[in-house]
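Asks: after the sequence you'll find the predicted model.
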Amino acid sequence: MLGIILVGYAAAIVAAVVVVVAAIAAGRRQSTSRPSPEYVSLLRAARLRAVAAVVVTIVVFAALVSFGMSTPEAYGLPLLLAAPVAATVALLVYAVIPPRSVAVAADATREASLTPRSVGSYVARPDALVLAGAVVFAVVVFLFTGFTSSADERGLSREITFTEGAVSSTSGPYAGWYYGVPALAAIIVLLVAGAVALRRVATTPALPHGEGAEADVHWRRGSVRILLAIIVAAILQPVGGAAAFSGQVILSGMLPTSPAGWTVVALVLIVLGLASMVVSIVLLTLAALGSVALRYRQPVGPQRRAVVIGPSGAAS
């Protein structure tokens with residue numbers, strides 16, 4: 001079971017990489033409208049940050065997985081923490097990359113939007129609900145497996161024991177407190193890093209003149225969507241793996257007289273766990289595709305109202 005899951009997950013990652021490479025090649029062949037040089041510079045910087053976040057996530061994740069596989073004494077804990085730690089590093093890298101500044105002459109006319117910018121302005125409600133659902137799923141899984149776990153011979157909470165009279169059955173590795181506490185802590189740190197990166201998008205200065213509010217909103221929403229995809233993928237990957245493996249451990253450790261409810265719980269954990277791992281790959285692939293697709297889009301429709309400030313400082 002473990003080998004099949006790992007092979008399938010690796011194959012899905014390879015397929016995702018192929019899709020991203022093909023999308024990059026196709027994007028280079030597409031012709032786009034010519035915006036102002038200032039906006040090209042701003043968009044290029046945003047695309048660089050997004051691509052850097054995706055690349056750092058993949059590289060750090062691969063390094064941590066390699067480390068985890070070479071340290072069996074850690075009992076797979078580095079493998080569980082690889083995704084949230086990698087995403088945290090990537091989000092912090094995104095946040096520290098400086099924005100592209102645009103020089104404005106002292107006598108130049110500048111524009112300022114009347115709409116205050118905040119993270120909430122660019123987060124779509126479905127994306128926020130998906131993030132909340134992923135966090136709740138992680139908390140429920142790790143709390144459930146923690147409270148139902150038992151200690152192994154080293155005193156680590158990473159097994160589950162079924163007892164019926166004088167007969168008992170112990171099976172592992174199970175996602176007990178040994179895995180759950182570090183995983184939940186890593187997810188909390190990930191969410192903090194995500195908030196920092198999202199605020200970075202919202203507070204990046206807009207162009208001081210003439211590009212249009214819709215184009216500005218376009219790259220900000222695209223960047224936020226990419227960051228949220230990375231965050232959710234980094235949550236679903238470890239909790240999905242923990243849930244799937246824990247479900248398998250429950251099935252293998254149950255006694256013939258164990259309540260039938262445990263079978264239902266095990267199957268639910270396996271199904272939701274595998275689905276979460278698949279969704280994590282899909283989201284990371286979408287994040288990679290979105291990062292290379294942050295290109296100029298010709299604004300259409302009415303633009304947001306802006307305050308134009310002339311050389312004398314008067315507003316109109």
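Replies: Thanks, I have it. Numbering: from 1, shown residues only.
Asks: residue boundaries of the helices in this structure?
Replies: 2-29, 37-69, 77-96, 125-147, 177-203, 213-253, 260-292 (DSSP state H).
Asks: redo these as CSV? Include distance to residue 166 and mean pLDDT.
Replies: C-beta: built from backbone N, CA, C; applies to glycine. Formatted as CSV, the helices of the chain follow (distance: least, CB to CB, whole Å; pLDDT from 0 to 100):
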stretch, distance to residue 166, mean pLDDT
helix 2-29, 31, 52
helix 37-69, 38, 80
helix 77-96, 34, 91
helix 125-147, 24, 94
helix 177-203, 27, 92
helix 213-253, 17, 87
helix 260-292, 20, 89
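Asks: just put those in CSV and tack on mean neighbour count.
Replies: Compiled in CSV, those are given as follows (neighbours: other CB atoms under 10 Å):
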stretch, mean neighbour count
helix 2-29, 13
helix 37-69, 18
helix 77-96, 23
helix 125-147, 16
helix 177-203, 20
helix 213-253, 24
helix 260-292, 19
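Asks: of all these, which one is nearest residue 158?
Replies: helix 177-203 (4.3 Å; CB to CB).
Asks: let me know the angle separating that closest one from helix 213-253.
Replies: 170 degrees (axes from the mean of the first three to the mean of the last three CA atoms, to 10 degrees).
Asks: what about the longest strand belonging to the chain, average pLDDT?
Replies: For the chain, the strand with the greatest residue count under DSSP state E is strand 157-164. The average pLDDT within strand 157-164 is 86.
Asks: any idea how far stretch 239-252 is from the chain center?
Replies: With CA atoms, centre = their mean, to the nearest Å as the basis, stretch 239-252 stands 22 Å off its chain's centre.
Asks: could you dump that stretch to PDB, C-alpha only?
Replies: Taking Å, rounded to 0.1, in the frame of the first residue of the first chain, the C-alpha atoms of stretch 239-252 are listed here in PDB:
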ATOM      1  CA  VAL A 239      -2.500  15.700   6.300                       C
ATOM      2  CA  GLY A 240      -3.600  13.600   3.300                       C
ATOM      3  CA  GLY A 241      -0.600  11.300   3.700                       C
ATOM      4  CA  ALA A 242      -1.200  11.000   7.500                       C
ATOM      5  CA  ALA A 243      -4.800  10.300   7.000                       C
ATOM      6  CA  ALA A 244      -4.300   7.600   4.300                       C
ATOM      7  CA  PHE A 245      -1.600   5.800   6.200                       C
ATOM      8  CA  SER A 246      -3.500   6.000   9.500                       C
ATOM      9  CA  GLY A 247      -6.600   4.500   7.800                       C
ATOM     10  CA  GLN A 248      -4.500   1.600   6.500                       C
ATOM     11  CA  VAL A 249      -2.900   1.100   9.900                       C
ATOM     12  CA  ILE A 250      -6.400   1.000  11.500                       C
ATOM     13  CA  LEU A 251      -7.500  -1.700   9.100                       C
ATOM     14  CA  SER A 252      -4.400  -3.800   9.700                       C
END
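Asks: thinking again about what came up before, neighbouring strands - and their directions - for the longest strand of the chain?
Replies: Strand 157-164 pairs in its sheet with strand 150-151 (antiparallel), strand 167-171 (antiparallel), by DSSP bridges.
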